[in-house]
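# need a 3D model of the following:
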Amino acid sequence: MSLPAAPFGRVLTAMVTPFNDDGSVDLDGVAKVADHLVNNGNDGIVVSGTTGEAPTTSVSEDGEILRAVIDAVGDRATVIAGVGTNHTEHSVELNEQAAKAGADGVLLVSPYYNKPTQAGIAAHFEAVADASDLPIMLYDIPGRTGVTIAPETFARVASNAKFVAVKDAVGDLFRGVSIMAETGLSFYSGDDVQNLGWLTHGAAGLVSVVSHVAGNQYAEMVAAVDAGDLERALGVYTDLLPVVDAIMNHAPGVMTAKAALELMGVTSNRVVRLPLVEADDELVGLVHEALASAHLLPTAESN
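Predicted structure coming up:
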C-alpha cells in the first residue's frame with residue numbers, strides 16, 4: 001500500500017519544552033531537543049501542545065519557544081505551533097503570533113472543559129482560522145477535552161481550505177476512515193498505541209510522544225507501510241511495545257519523555273511545571289529498562 005499525501009510530514013513529535021532548574025524556559029535546551037528530533041527520524045515538530053506543557057506557558061514564552069525551534073530546524077522540518085485553548089480570543093492571538101514567527105501550520109485542539117456544543121466548536125475553529133493563512137491540523141482528544149468533534153463538524157469546517165488535517169486520539173478507526181472519505185482531511189495518529197493501526201487505515205503520518213526517543217524506528221515503520229511491507233512494520237511496532245508502555249501508560253507523556261531524554265543525554269534534567277511533578281526514581285527506572293531493552297540508550301549506558 002502507498003500512504004496518502006502528508007501535508008505536514010510523516011513522523012512528527014509533540015515536543016516537550018525543556019526548563020531550567022528554576023522552572024524558566026531553557027531556550028538552548030529547546031533548540032537542542034529540536035535538533036535531536038530532526039537528526040533522528042522526525043520530519044516535523046509540534047511545539048506548545050499538551051506535551052509541551054502549553055497550559056503552563058505564557059503567550060510570550062510560546063513565541064520564544066516557537067522561534068527557537070524554527071531557528072534551529074525550520075529549514076529541515078515542518079514546525080507546527082500549538083494554538084488550541086478554551087478561550088477563542090487567546091487561540092486567535094496565538095495563531096497570529098505563529099504566523100508572524102514563520103510557523104508552517106498550527107495544531108488546534110477542540111475547546112476543553114467548557115464542553116461547548118458542536119456549533120460552538122465549529123465557530124471556535126472558524127474564528128481561529130480567520131486569524132491567519134496558516135494551514136490547520138485539528139486535534140480530537142475527548143479524553144482531555146470532554147467532547148468529541150462530530151463528523152458533521154468536520155464536514156462543516158472541511159469546506160474551508162485552511163483545515164487540512166486531523167490529529168486523532170479518539171481511537172475509532174472505522175469512524176476515522178469514514179471522516180477521511182467524506183471530507184478529504186488527512187489523518188494523523190495522535191496515540192502511539194495505535195500508530196500502526198492508523199497507518200494501515202489510511203493515515204498520512206504520526207504525531208507522537210515516543211518519537212522523542214524512537215523517531216528513526218517510526219520512520220522505518222512508516223516507510224515499511226508505504227512499501228507494503230506490513231511484516232516489517234509490525235516487527236518495528238512490536239519491538240517498541242515496552243517503550244510505548246513505559247512512556248504512555250504510567251504517567252503523562254511529558255514526564256516520561258523528559259525522563260527518557262535525560263537518560264539519553266539530550267537534556268540535563270526532567271523538570272516540569274506544576275501541576276505536574278517530575279518523574280520519580282521508580283518511574284525513571286521503568287523508562288530506563290524499556291529504553292535499554294529496545295537498545296535506544298547511548299552505548300556507554302547500554303554496557
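
# wait, what's in contact with Pro7?
Residues in contact with Pro7 (Cβ atoms under 8 Å, 6 or more residues apart in numbering) are Gly105, Pro135, Val164, Ala165, Ser186, Ala204. Where you see a C-beta, it was placed from the backbone N, CA and C, and this is true even at glycine.

# count of residues packed around Glu89?
The tally of other residues near Glu89 (other Cβ atoms under 10 Å) stands at 11.

# surely Arg67 touches Ala101?
Yes: contact criterion Cβ atoms under 8 Å: Arg67 and Ala101 qualify, at 5.3 Å.

# find residues that contact each of those two.
Counting by Cβ under 8 Å, 6+ apart, nothing touches both Arg67 and Ala101.

# now the strands for the stretch 101-250 of the chain?
Secondary structure of the stretch 101-250 of the chain (DSSP state E, counting those that start in this stretch): strands at 105-109, 136-140, 163-168, 186-189, 205-208.

# and Gly23, how far is that from Glu278?
Shown here: Gly23 relative to Glu278, a distance of 11 Å by Cβ to Cβ, to the nearest Å.

# how about Gln217?
Separation of Gln217 from Glu278 (Cβ to Cβ) stands at 26 Å.

# neighbour count winner among these two?
Gln217 (21 against 18).

# rewinding a little: now, of the strands of the stretch 101-250 of the chain, which is deepest in the fold?
strand 205-208 (a mean of 30; mean count of other Cβ atoms under 10 Å).

# next one: it to chain centre, how far?
Relative to the mean C-alpha coordinate of its chain, strand 205-208 is positioned 6 Å out (Cα atoms, centre = their mean, to the nearest Å).

# kindly report the same for stretch 97-112.
For stretch 97-112, the separation from the chain centroid amounts to 13 Å (computed by Cα atoms, centre = their mean).

# just the mean pLDDT for it, thanks.
Across stretch 97-112, pLDDT averages out at 98.

# alpha carbons of it, as PDB, please.
The C-alpha trace of stretch 97-112 is given here as PDB (Å, rounded to 0.1, in the frame of the first residue of the first chain):
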ATOM      1  CA  GLN A  97       1.800  35.000  16.700                       C
ATOM      2  CA  ALA A  98       2.600  31.700  15.000                       C
ATOM      3  CA  ALA A  99       2.100  33.300  11.600                       C
ATOM      4  CA  LYS A 100       4.400  36.200  12.400                       C
ATOM      5  CA  ALA A 101       7.000  33.800  13.700                       C
ATOM      6  CA  GLY A 102       7.000  31.800  10.500                       C
ATOM      7  CA  ALA A 103       5.400  28.500  11.600                       C
ATOM      8  CA  ASP A 104       4.300  26.100   8.800                       C
ATOM      9  CA  GLY A 105       1.000  25.400  10.400                       C
ATOM     10  CA  VAL A 106      -1.000  25.200  13.700                       C
ATOM     11  CA  LEU A 107      -2.400  22.500  15.800                       C
ATOM     12  CA  LEU A 108      -5.900  23.400  17.100                       C
ATOM     13  CA  VAL A 109      -7.500  21.200  19.800                       C
ATOM     14  CA  SER A 110     -11.200  21.400  20.500                       C
ATOM     15  CA  PRO A 111     -12.000  23.700  23.400                       C
ATOM     16  CA  TYR A 112     -11.600  21.800  26.700                       C
END
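
# shouldn't Leu276 be within a helix?
No: per DSSP: H, G, I helix; E, B strand; the rest coil, Leu276 lies outside any helix segment and is coil.

# isn't it right up against Ala257?
No: counting by Cβ under 8 Å, Leu276 stays clear of Ala257, with 11.6 Å between them.

# and these two? Which one has more around it.
Neighbours were tallied for Leu276 and for Ala257 using other Cβ under 10 Å; the higher tally belongs to Ala257 (29 against 16).

# the more buried one in helix, strand or coil?
The three-state label given to Ala257 by three-state DSSP is helix.

# list the contacts of it.
In this structure, Ala257 makes contact with Val16, Thr51, Val209, Val210, His212, Val213, Ile247, judged by Cβ under 8 Å, 6+ apart.
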